[in-house]
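1. Need a 3D model of the sequence below.
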Amino acid sequence: MDFLSKTVAIIGGGTMGADIAATFVANGWTAHIVNPPDAMRETLPARLAAAMDKLGAPHDAERFPTHEALGAVPWDKVEIVIEAAPERLELKRKLFSELERLARPDALLCSNSSAIPIGRIGAGLKTQHRMVGTHYFMPAHLVPAVEVVSSKHTDPAVAERVCSILRGTGKVPVRVKLDIPGFLANRMQHALLREAINLVERGIASPGDVDNAVRYGFGFRYIAAGPLLQRDHAGMDVHCAAAATMYPDLCNSPEPSPYMADKVKAGHIGMKAKRGFYEWTDDKIAAEKRRYETALLKAMEILKAEG
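-> Numbering: from 1, shown residues only. Purely as a prediction, here's the structure:
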């Protein structure tokens, strides 16, 4: 599928918006970024340059025109819009109402929301058929998967067109056919997280041992095969029998773990507070972020080699 202008509008120049813009520009697009004058706007050029460097692409500032307001974007050229504004429903609804008016009738209107269904964002608007969730994962310039989430109003052809664009920017689109809470990946991630925290809370294992069980155990295999393909490798009969033993004992609380909630209440929310499941210093945080990013880059090379 050809995309004539290869022009995207990114609404919000925060961490996610900048990294999403970089993935487009690294693959030949021009990314118009809309962000009001604020601290994020001041750091935007440096963050874009860093993302392009990680992607191994030349940084051409002219491919990242920035604007303070939506009206300044050359909307006649824009083929796809990705909203990456803060996670506030009313803000997103206001933005999509304006986008519906400003963007070309054939432009694709997408939201990077990680939690708010695209159906709620577009509720009451006239062109909900062209509104799609495009949920990137942090760091957005390195993680290949992007969930492409439809509401009951989304035209399937529109969702497939979004998928085609994302493939052209080096991403792996994951179709989610209905915008249920948490979409696809976060539902599975939180199911694992609920059990992981419960094991720590019960004193069964330390945070370090839980993390190592995932990273060096079953999680180590996930880059080669997802959970359902793994079942075919190992045999569904084996896992069905194991499930019969384990499922009755798994945590199924409908509320967030009191152990985690108490940490949040105490302000022990992770690296930002220098304390979470682990203790942090500035040096430890910097070293961990370097290690984490290096691991992601190496993992990406493995996936690229598969073609």
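2. Which helix in the chain has the most residues?
-> Ranked by residue count and defined by DSSP state H, the top helix of the chain is helix 282-305.
3. Tell me where the stretch 101-250 of the chain has helices.
-> For the stretch 101-250 of the chain, the helices defined by DSSP state H, counting those that start in this stretch cover 118-121, 156-168, 185-201, 207-213, 219-222, 227-234, 236-246.
4. Point out the most buried one among those.
-> Of all the helices of the stretch 101-250 of the chain, helix 118-121 carries the top mean neighbour count, a mean of 21, counting by mean count of other Cβ atoms under 10 Å. No exception for glycine: its C-beta is placed from N, CA and C like everyone else's.
5. what is the mean pLDDT for it?
-> Mean per-residue pLDDT for helix 118-121: 97.
6. Mind checking the helices of the stretch 101-250 of the chain for the one nearest to Glu255?
-> Proximity to Glu255 (Cβ to Cβ) singles out helix 185-201 among the helices of the stretch 101-250 of the chain, at 9.9 Å.
7. how far away is the nearest residue to Ala213 once chain neighbours are set aside from Met246?
-> For Ala213, ignoring the flanking residues on the chain, the nearest one in space by Cβ to Cβ, 6 or more residues apart in numbering is Ala205 at 7.4 Å. Distance from Ala205 to Met246, counting by Cβ to Cβ, to the nearest Å: 15 Å.
8. same thing with Lys6?
-> Lys6 is 49 Å from Met246, by Cβ to Cβ.
9. What of Val238?
-> 13 Å.
10. show me what contacts Val158?
-> Leu108, His129, Arg130, Val132 (Cβ atoms under 8 Å, 6 or more residues apart in numbering).
11. can you count the residues close to the first one?
-> Residues lying near Leu108 (other Cβ atoms under 10 Å) number 21.
12. cool, Tyr278 as well?
-> 13.
13. List the contacts of it.
-> Tyr278 touches Pro207, Gly208, counting by Cβ under 8 Å, 6+ apart.
14. what do you get if the cut-off is 7 Å, keeping everything else the same?
-> Pro207 (Cβ atoms under 7 Å, 6 or more residues apart in numbering).
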